[in-house]
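Chemist: Show me how the following folds:
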Amino acid sequence: MTQHQTEDLTQSLLDAALMHVPFDGWSDATFQAAIADAGVDPVVARALFPRGAVDLAVAFHRQGDEAMMDRLRNTDLSDMRFRDRIAAAVRFRLEAAEDKEAVRRGMTLFSLPQHAPTGARLVWETTDKIWSTLGDSSEDYNWYSKRATLSGVYGATVLFWLGDDSPDHHATWEFLDRRIDNVMQFEKVKGQMRSNPLSKPFVSMAERLLSPLRAPQSTNDVPGRQQ
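Modeler: Numbering: from 1, shown residues only. All right, here's what the predicted structure looks like:
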């Protein structure tokens, strides 16, 4: 099977599944209905998505990531402050998820203990793609702290967005700006601690302990490594 055929089948199954997700969630019932509606051989479908609807939900999430990155690459952000570029990226990511109910059902799925690691990895992937697309070049522990911080901001914003019925999700974007402002204030405090004679020794010690951490060298090395 060619790459093009695989992509076509994946999209057909995903499109078919999204018709059933609002009623049955990302479940086996949805997966079986998608196979029937798309007319895909069940053996082929299972080969493409070994975990069935769980892998369909993963594909749905990653499709949103790709749409976000395409929009980031094709939007001139040069006049924006960096914190506003981050806010724009998160907004682009949420706007790429046109089916809010599919996102809601996905969060329900990935909150289950057996699927929580997959959900956490997907959020980490999203934040990594935001930082990487915006040109982050950190190679030390800052690589992790940036993504961990943004993961918290992103997760909180998604939850707010799911319950937001304001025009054009205006309340969500205000919420996002406040969360990023909180992060910037934290970074300011960190900077002040580095210059404060009383706290500087403790900051230096923490940085020495973290200094062996290095950014992953490939997409298959997500946890990173120590030297």
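Chemist: quick one: the strands in this protein?
Modeler: All strands of the chain, identified by DSSP state E, fall at 213-214, 225-226.
Chemist: Worst mean pLDDT among these?
Modeler: If the strands of the chain are sorted by mean pLDDT, strand 225-226 sits at the bottom with a mean of 38.
Chemist: Quick check: buried residues in stretch 127-143?
Modeler: Burial within stretch 127-143, assessed by neighbour count using 16 or more other Cβ atoms under 10 Å, is assigned to 127-131, 133, 141, 143. In short, each C-beta sits where N, CA and C put it, glycine included.
Chemist: First-to-last residue distance for it?
Modeler: Using Cα to Cα, to the nearest Å, the end-to-end distance of stretch 127-143 comes to 11 Å.
Chemist: and it, average pLDDT?
Modeler: pLDDT averaged over stretch 127-143 gives 88.
Chemist: for the spatially closest residue to Ser111 that is not a sequence neighbour, what are its contacts?
Modeler: Leaving aside its sequence neighbours, Ser111 sits nearest to Gly119 (Cβ to Cβ, 6 or more residues apart in numbering; 7.0 Å). Residues counted as contacts of Gly119 (Cβ atoms under 8 Å, 6 or more residues apart in numbering) are 106-107, 109-111.
Chemist: For the closest residue to Gly155 other than its chain neighbours, grab the count of nearby residues.
Modeler: Counting by Cβ to Cβ, 6+ apart, Gly155 lies nearest to Val123, which is 6.0 Å off, once chain neighbours are set aside. A count of neighbours around Val123, defined by other Cβ atoms under 10 Å, yields 18.
Chemist: Likewise for Asp65?
Modeler: 18.
Chemist: let's number from 16 now, not from 1
Modeler: Taking 16 as the first residue, the last one we looked at is Asp80.
Chemist: which pair in the buried residues of stretch 142-158 spans the largest distance?
Modeler: Farthest apart among the buried residues of stretch 142-158 by Cβ to Cβ are Thr148 and Tyr156. That separation is 21.1 Å.
Chemist: what about the nearest residue to Asp43 once chain neighbours are set aside, distance to Met83?
Modeler: Spatial nearest neighbour of Asp43, excluding adjacent residues (Cβ to Cβ, 6+ apart): Gly67 at 5.7 Å. Going from Gly67 to Met83 by Cβ to Cβ, to the nearest Å gives 26 Å.
Chemist: More neighbours: which of the two?
Modeler: Neighbour tally, Gly67 and Met83, criterion other Cβ under 10 Å: the higher count belongs to Met83, 24 against 19.
Chemist: Would you confirm that that one contacts Ala112?
Modeler: No - distance between Met83 and Ala112: 9.3 Å, which falls outside the contact criterion (Cβ atoms under 8 Å).
Chemist: right, and out of the contacts of Gly134, which lies closest to Asp99?
Modeler: Using Cβ to Cβ, Met122 is the member of those that lies nearest Asp99, at 26.5 Å.
Chemist: Now for the closest one: which residues touch it?
Modeler: Residues near Met122 by Cβ under 8 Å, 6+ apart: 134, 173-174, 177.
Chemist: From those residues, which land in helices?
Modeler: 134, 173-174, 177 (DSSP state H).
Chemist: Which residue ranges of the chain form helices?
Modeler: 18-33, 36-39, 43-53, 57-63, 68-88, 97-111, 115-125, 131-148, 157-177, 185-210, 215-225.
Chemist: Relative to Arg88, how far out is Leu24?
Modeler: Using Cβ to Cβ, one gets 27 Å for the distance from Leu24 to Arg88.
Chemist: helices and strands of the chain: which one bottoms out on pLDDT?
Modeler: One helix or strand of the chain scores below all others by mean pLDDT, DSSP states H and E: strand 240-241, with a mean of 38.
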